[in-house]
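In: Compute the structure for the input listed below.
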Amino acid sequence: MDRYWFGIAARLLVGVAVVAWAASYLGTGSGEKEFQKTLDAMKQVHTFRVAFTSTPGADIHNETLWEIDCGRNLVHHQMHVVNSTTGAPYERDDDQLTVGGREFSRQPDGSWAPDRYAYKGGMAKMVCGNLAQGADTNLLPQIATMIKRGILQKGDKKTVNGVRCREWQVTMKGGYTGLEHDTVCLGLDDHLPYEMTVDYQNSRSSFSDYNTPIQIDVPEAALQAASSNNTSN
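Out: Numbering: from 1, shown residues only. Modelled structure (predicted):
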């Protein structure tokens, strides 16, 4: 009889252990909880930089820098693309600035000239508005989407640009190629994203300078327009 009850107790203990493990692993989800902290932290972001590199094909390499300053309604975008495709190689550089709803391109002499065909005037407001509302942007990791349809797996701690963060493996259901495999490194102290990789793009993005003033020479024409807008208001 004692052996019988001992067997029952042992099975109960194993069952409790399995349930506890499942609850901790699947429950509300440590991944979802951490990513929600990141989404909340991103709502307080007003300035940031994104350095993006990708090699989507053997003959194509892209390097891009984004600088965003919500307070000045400013977006700075630099891009360098090299395509060494046989028969049609090219190399392209762009340096564009949107500030106060006006767009400018960097000239060979280093000056800024207004763009003839402007179409990004509202980009800063859109990006900053989405951040404040906890919605995804195309510049920072799509944390809200990852919470909804990502399989989140905790990885190791690492250092990115001097900041300690934890890397998470993210498998996106319904991604570009059916299952998209990304990584996101979230700051241990501030929960903000500091690095992201995307497998189908063969890309890496690093994020820095959160809520740090963006130092860039703004065209005189943009300053005059901002001044007149403030006066008229």
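In: Which parts of the chain are helices?
Out: For the chain, the helices defined by DSSP state H occupy 2-26, 30-42, 123-133, 143-149, 220-232.
In: tell me, which of these is the model least confident about?
Out: Here the lowest mean pLDDT among the helices of the chain goes to helix 2-26, at a mean of 41.
In: Let me see the contact set for the closest residue to A144 other than its chain neighbours.
Out: Closest residue to A144 apart from its sequence neighbours, by Cβ to Cβ, 6 or more residues apart in numbering: D136 at 5.1 Å. No exception for glycine: its C-beta is placed from N, CA and C like everyone else's. By Cβ atoms under 8 Å, 6 or more residues apart in numbering, D136 lies in contact with 130, 142-145.
In: now do I147
Out: Contacts of I147 by Cβ under 8 Å, 6+ apart are 32, 35-36, 39.
In: When you filter these down to buried only, what's left?
Out: 35-36, 39 (16 or more other Cβ atoms under 10 Å).
In: coming back round to it: so for the residue nearest to A144, what's the pLDDT?
Out: The model's pLDDT for D136 equals 94.
In: biggest separation within the contacts of D136, which pair?
Out: N130 and T145 (12.1 Å; Cβ to Cβ).
In: So for the two, which residue has more residues nearby?
Out: A direct count of neighbours by other Cβ atoms under 10 Å for N130 and T145 places N130 higher, at 18 against 14.
In: how about that one, what does it touch?
Out: Contacts of N130 (Cβ under 8 Å, 6+ apart): 136-137.
In: any idea how far it lies from W66?
Out: Here the criterion is Cβ to Cβ, to the nearest Å. By it, N130 lies 14 Å from W66.
In: Please tabulate the contacts of I147 in JSON lines, including the columns distance to A88.
Out: Below are the contacts of I147 laid out as JSON lines (distance: Cβ to Cβ, whole Å):
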{"residue": "E32", "distance to A88": "46"}
{"residue": "F35", "distance to A88": "42"}
{"residue": "Q36", "distance to A88": "46"}
{"residue": "L39", "distance to A88": "42"}
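In: A58: which of those residues is nearest?
Out: F35 (33.6 Å).
In: so what's that closest one closest to, chain neighbours aside?
Out: Per Cβ to Cβ, 6+ apart, closest to F35 is I147, 5.0 Å.
In: So what touches the longest strand along the chain?
Out: Assignment by DSSP state E gives strand 163-175 as the longest strand of the chain. With contacts defined as Cβ under 8 Å, 6+ apart, strand 163-175 is touched by 31, 34-35, 145-146, 149-159, 179-189, 194-195, 200.
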